[in-house]
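Peer 1: Sequence below, structure please.
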Amino acid sequence: ESKTFIPIARNISLSQAIQLRSLNLSSVQIEDDYVRKYPDGPAFSHVLGYVGVSEEDNSIVGKSGLEAQYDNVLRGADGEFIIYRDVNGKPLDQKVAREPVTGSNLTTTIDADLQRFFYQRLKSGLAGLGREAGVGLAIDPRNGEILALISLPGFDNNQVSKYLKASNQPLFNRAISGLYTPGSTIKTMVALAALKEKIVDPSFQIYSAGFIEIPNPYDKDRPSRFLDWKPHGWVDLHSALARSSNVYFYEVGGGFEGLKGLGIDRLIGYWKKFLLGEKTGVDLPEENSGFLPNPEEKEKRTGQIWRIGDTYNVTIGQGDLLVTPIQLLNFIASIANGGKIFRPHLIGNGEPDVLLDYSDWKDELGNVQEGMRDTVRKYYGTANMLAAMPVSAAAKTGSSQVANNTKINAFFVGYSPAGTSAEEGPPKIAVLVLIENAREGSLNAVPIAKDVLEWYYYNRLK
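Peer 2: Below you'll find the predicted structure:
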């Protein structure tokens, strides 16, 4: 009698199975089994993940994505049968000792058609730039449902083994695990904090000559200069967001001359209020929590004190502040919906999970929304390309310098509709596009976002 056997090979070909059976080996048993098949594997690979052999008991288990996250739901339970053999090991009879239990089905929040379109549009956009790494994300800001999640380079989860040693890390899910300086997209959060702390009101103006200078602690004859990306003249909060003025946010974030800025301690406080530095709780494995810089950590790591220049840098999304794409878009979704931070999710379990609610920040959120709308509808807005769409939108762009300022990551975050008309209704989709090592900064991300938002309008909203 035998209750166990040891698998020595899986997924053998039909011809191999026929040859083995013809040998009539009593010690070898050949069994039919099911194999996971993933339609549109590459487009959905980082959502679904893949299965593999467990090191513990040689069973098939989820290794990444939803396959791993919900392995206990999808896998079911193995059955067991007993084989009776004679003294020579020849099988005489067998009986079922325990019936197998089929795993359960899962219904995801992913919009499959949107996922396919977003995947192809991001992939073609990267190819046109001679690049291969990027992220595409779409969330319903009304409930935290993830509508699309793309991380490139991706992989075909029907053929995982060929990607295991690839140098470009196709198995790495950049959308939830990648750490990035957010660039100017973080100015939306700085604006909220500045309004809430009454550093400025929406109409307060700051003059951008293209730079500001402060005393250089290392060379008194050569002041430290912090650059805007162009001179903007006088800007208030709305136009500073639309134009993406660095000087405005240097001053409200770190202070300058007569204006007392937020300072690093209050900035850290607001990062934490909006859950940066924490995992969002998305139902996928290996999510990263990001990194929030602070004076103590910097001094311990580098031996240097925190200076106002460090504060200037993080107020425009440079320096050591690191976020994941899903953290960033989840924050933008909270602006879109009026202050609710949902747990982003791929599998619905009834009511959406509200992590925090800042709905009483109506005035502050309203002014940031207005600045994001101006980013689209004003001629000087950095996402003005979206103004030609048949549906309204609000947005913020960002370009973050990385690799010792030799490369630029391009960001777009935004939502649609903009939430200004009863006919269009509230925002129904929030989108993030990230292009690693972009050629022209955020200019490379905006066209992709435009096409995705237009597709969603024509196919889901119209």
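
Peer 1: which residues in the stretch 151-300 of the chain form strands?
Peer 2: 206-208, 211-214, 224-227, 233-235 (DSSP state E, counting those that start in this stretch).

Peer 1: Deepest-packed of those, please.
Peer 2: strand 206-208 (a mean of 20; mean count of other CB atoms under 10 Å). Quick note: C-beta positions are derived from backbone N, CA and C, even for glycine.

Peer 1: Would you mind giving the strands of the stretch 151-300 of the chain as JSON lines with distance to Gly303 and mean pLDDT added?
Peer 2: Converted to JSON lines, the strands of the stretch 151-300 of the chain look like this (distance: least, CB to CB, whole Å; pLDDT from 0 to 100):
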{"stretch": "strand 206-208", "distance to Gly303": "34", "mean pLDDT": "97"}
{"stretch": "strand 211-214", "distance to Gly303": "22", "mean pLDDT": "96"}
{"stretch": "strand 224-227", "distance to Gly303": "19", "mean pLDDT": "94"}
{"stretch": "strand 233-235", "distance to Gly303": "37", "mean pLDDT": "97"}
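
Peer 1: For the ones you listed, give me a markdown table that also has distance to Gly134.
Peer 2: Listed next are those as a markdown table, based on distance: least, CB to CB, whole Å:
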| stretch | distance to Gly134 |
| --- | --- |
| strand 206-208 | 30 |
| strand 211-214 | 31 |
| strand 224-227 | 26 |
| strand 233-235 | 30 |
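
Peer 1: Go through those and name the closest to Ile83.
Peer 2: With CB to CB as the criterion, Ile83 lies closest to strand 224-227 of those, at 76.2 Å.

Peer 1: Direction included, what does the closest one pair up with?
Peer 2: strand 211-214 (antiparallel) (DSSP bridges).

Peer 1: before we move on, back to that, between the strands of the stretch 151-300 of the chain, which gets nearest to Gln69?
Peer 2: strand 224-227 (43.2 Å).

Peer 1: got the CA coordinates for the closest one in CSV?
Peer 2: Output in CSV follows, covering the C-alpha atoms of strand 224-227 (Å, rounded to 0.1, in the frame of the first residue of the first chain):
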residue,chain,number,x,y,z
SER,A,224,23.5,78.9,-3.4
ARG,A,225,21.2,79.2,-6.3
PHE,A,226,18.0,77.1,-6.7
LEU,A,227,16.5,77.1,-10.1
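
Peer 1: contacting residues around that strand?
Peer 2: Residues outside strand 224-227 that contact it (CB atoms under 8 Å, 6 or more residues apart in numbering): 210-216, 246-247, 250, 309, 312.

Peer 1: of the strands of the stretch 151-300 of the chain, which approaches Asn444 most closely?
Peer 2: So among those, strand 224-227 is nearest, using CB to CB, at 21.0 Å.

Peer 1: so how far is the closest one from its chain's centroid?
Peer 2: For strand 224-227, the separation from the chain centroid amounts to 31 Å (computed by CA atoms, centre = their mean, to the nearest Å).

Peer 1: Could you pull up phi and psi at Ile347?
Peer 2: The phi/psi pair for Ile347 (degrees, to the nearest 10) reads phi -120, psi 120.

Peer 1: Now do the same contact list for it.
Peer 2: Here Ile347 is in contact with 66, 70, 106-109, 283 (CB under 8 Å, 6+ apart).

Peer 1: Please repeat the previous calculation with a cut-off of 7 Å.
Peer 2: 70, 106, 108, 283 (CB atoms under 7 Å, 6 or more residues apart in numbering).

Peer 1: thinking again about what came up before, ok, which of the strands of the stretch 151-300 of the chain comes nearest Ala175?
Peer 2: Going by CB to CB, the one of these nearest Ala175 is strand 224-227, 30.8 Å.
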